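1. Provide a 3D model corresponding to the input given below.
(one chain, ligands or ions: 1)
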Amino acid sequence: MIKIVHVVGARPNFMKAAPVYFALRGLPQVRQLLVHTGQHYDRRMSDVFFEELGMPEPDFNLAVGSGSHAAQTAEIMMRFEKVLLAEKPNTVVVYGDVNSTIAAALVAAKLGIKVAHVEAGLRSRDLTMPEEINRILTDRISNFLFTPSADGDDNLRAEGVPGDRIFMVGNCMIDTLVRLLAKARRPDTPQLAERYALVTLHRPANVDEPEMLEHILATLSDISRDLQVLFPIHPRTRARLQGTHWETELAGRDGSAMLFTEPLGYLEFLWLQQHAAVVLTDSGGIQEETTYLRTPCITLRENTERPITYEIGTNVLCGRDMDSVRREVARIVRGEKRQSFIPPLWDGRAGERVAKILVEQLS
Ligand code: UD1
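-> Numbering: from 1, shown residues only. Next up is the predicted model:
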């Protein structure tokens, strides 16, 4: 019997874990448990995704909630250690690059339990991003490194990871997109125009500095003269806008040029990405999803750990240069489209590959 514990905690983990979980389900030699750390706990940041993705209730919810990085990571570690001591799995599977990922990997590695990392090898080379620290450390202590693209393999080899630990399987997040695209649905937002720009922002570098946030929102406000702007707001960003002059608009008293909403569920957000004229974001996963959907994407970051999305996909990195953001949007409004391709193995079957390799390696 192979006992596998999956650990998820924050919104972008859920769509990566679902395909691996489903691919392992029903295999007679596998028993799996799902642990939710509770890093994200709002209904709109967590429960909605479990429901829409068809994921079962977690077997354990560690309910750690928010806190400083140290407090959150430490709390997850202390609570997760108890689960591992009681359950004694063969392997812990961790996803992506959030605090739950490194916390769980560290606990497992110290208990001598094998760690599998889904979405290994991505590097922004920007150590001011908490996620980059999480990626490097998680990969360093993982036994099975599942990469979404060849750059991940190159990065790991350059860091000295033995080749027999690295498995290029493709993109698990895209598996979920492929599975659910037919169920994507228009949100119930009557003012939504036919052509709109979809915006998401939550990175500390963009939202924690009031001047930068103001600069970005002023740019979005300019853009909204040509193209409606729809902005579902992450709780972190909402907290930063409280008490500023944007609060009036948040309350929905503005016209329809700038629409602010609560965070949306997976199926509605997927529909919006598919139909948007352009997506402006600082998220990692959205750079990948827009590449798959061939929707133009403008990334408000200086770097990305997902270079394939601009090398062959639809992504353009504009950093903090708002003039270049305006220029890119204008280009898209004029109808100019870049040629783009879907990366190899982003085909809806990455989770099956992970499952097959895990079973082979652990048998
Ligand atoms: C986390 C991840 C980030 C990921 C993002 C997706 C880390 C270091 N960061 O960032 O990589 O892209 O999730 O959303 O793990 N909050 C709520 N309700 C919630 C969750 C958070 O109100 O359900 C608020 C709290 O005020 C909290 C803040 O959002 O302090 C930040 O949450 P946290 O999980 O620390 O980081 P994210 O910014 O969500």
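
2. which residues of the stretch 251-363 of the chain fall in strands?
-> 258-261, 278-281, 297-299, 315-317 (DSSP state E, counting those that start in this stretch).

3. I'd like to know which elements the first one is packed against.
-> Which is strand 258-261. strand 228-232, helix 247-250 (3 or more CB pairs under 8 Å, 6 or more residues apart in numbering; DSSP states H and E). Where you see a C-beta, it was placed from the backbone N, CA and C, and this is true even at glycine.

4. Could you single out the most deeply buried of those?
-> With neighbours taken as mean count of other CB atoms under 10 Å, the helices and strands packed on strand 258-261 reach their highest mean count in strand 228-232, at a mean of 23.

5. Show residues contacting it.
-> Residues outside strand 228-232 that contact it (CB atoms under 8 Å, 6 or more residues apart in numbering) are 189, 192-193, 195-201, 220-221, 223, 256-264, 269, 272, 276.

6. Now stretch 348-360 - C-alpha only, CSV.
-> C-alpha atoms of stretch 348-360 as CSV (Å, rounded to 0.1, in the frame of the first residue of the first chain):
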residue,chain,number,x,y,z
GLY,A,348,-4.7,18.1,-19.8
ARG,A,349,-2.8,15.0,-18.8
ALA,A,350,0.0,16.2,-16.6
GLY,A,351,-1.8,14.9,-13.4
GLU,A,352,-1.9,11.4,-15.0
ARG,A,353,1.8,11.6,-15.6
VAL,A,354,2.5,12.6,-12.1
ALA,A,355,0.4,9.7,-10.7
LYS,A,356,2.0,7.1,-13.0
ILE,A,357,5.6,8.2,-12.0
LEU,A,358,4.7,8.4,-8.3
VAL,A,359,3.3,4.9,-8.3
GLU,A,360,6.3,3.5,-10.3
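
7. gap between Thr314 and Trp346?
-> 13 Å (CB to CB, to the nearest Å).

8. Show me what the one helix or strand Leu34 maps to is packed up against.
-> Using DSSP states H and E, Leu34 falls within strand 30-36. Using 3+ CB pairs under 8 Å, 6+ apart, the elements in contact with strand 30-36 are strand 2-8, helix 11-24, strand 60-61, helix 69-87.

9. what's around Phe167, how many residues?
-> The tally of other residues near Phe167 (other CB atoms under 10 Å) stands at 19.

10. my guess is it meets Thr147, correct?
-> Yes - the pair Phe167 / Thr147 is scored as a contact, 7.0 Å apart, by CB atoms under 8 Å.

11. residues shared between the contacts of Thr314 and Trp346?
-> Joint contacts of Thr314 and Trp346 (CB under 8 Å, 6+ apart) are Thr291.

12. Which of the helices or strands spans Glu51?
-> Counting by DSSP H and E, Glu51 is part of helix 47-53.

13. residues of that helix that come out buried?
-> 48-50, 52-53 (16 or more other CB atoms under 10 Å).

14. average model confidence for that helix?
-> Helix 47-53 shows a mean pLDDT of 98.

15. Now look at that helix and say if it contacts the ligand.
-> No - in terms of CB under 6 Å from any ligand atom, no part of helix 47-53 sits within range of the ligand; the closest distance is 9.8 Å.

16. TSV for the helices and strands packed on strand 30-36, including mean pLDDT and mean neighbour count?
-> Converted to TSV, the helices and strands packed on strand 30-36 look like this (pLDDT from 0 to 100; neighbours: other CB atoms under 10 Å):
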stretch	mean pLDDT	mean neighbour count
strand 2-8	98	24
helix 11-24	98	25
strand 60-61	98	17
helix 69-87	98	17
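
17. Among these, which comes closest to Gln339?
-> helix 11-24 (27.0 Å; CB to CB).

18. what packs against the closest one?
-> strand 2-8, strand 30-36, helix 47-53, strand 91-95, strand 114-118, helix 172-180, helix 350-362.

19. Show me the contact partners of the first one.
-> The contact list for strand 2-8 (CB under 8 Å, 6+ apart) reads 14, 17, 20-21, 24, 29-37, 58, 80, 83-84, 87-95, 100-101, 104, 358-359, 362-363.

20. number of nearby residues for Lys183?
-> If you count neighbours by other CB under 10 Å, Lys183 ends up with 11.

21. Also Met212?
-> Neighbours around Met212, by other CB under 10 Å: 16.

22. In which helix or strand does it reside?
-> helix 210-223.

23. Now that helix: average pLDDT?
-> 96.

24. just to revisit the earlier point, using TSV, lay out the helices and strands packed on strand 258-261 together with mean pLDDT and distance to Leu300.
-> Shown next, in TSV, are these (pLDDT from 0 to 100; distance: least, CB to CB, whole Å):
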stretch	mean pLDDT	distance to Leu300
strand 228-232	96	12
helix 247-250	77	19
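
25. Which strands or helices does the lowest-mean-pLDDT helix or strand in the chain pack on?
-> Least confident helix or strand of the chain, by mean pLDDT, DSSP states H and E, is helix 247-250 with a mean of 77. Other helices and strands packing on helix 247-250, by 3+ CB pairs under 8 Å, 6+ apart, are helix 235-241, strand 258-261.

26. neighbouring contacts of it?
-> Contacts with helix 247-250, where a contact means CB under 8 Å, 6+ apart, come from 233, 238, 241, 254, 258, 260.

27. ok, the fifth one to Lys3 distance?
-> Going back to what we said before, that points to Met258. Plainly put, Met258 is 50 Å away from Lys3 if you go by CB to CB.

28. can you count the residues close to the residue of the stretch 101-250 of the chain found nearest the ligand?
-> Using CB to the nearest ligand atom, the single residue of the stretch 101-250 of the chain nearest to the ligand is Pro235, 3.2 Å away. By the criterion of other CB under 10 Å, Pro235 has 16 neighbours.
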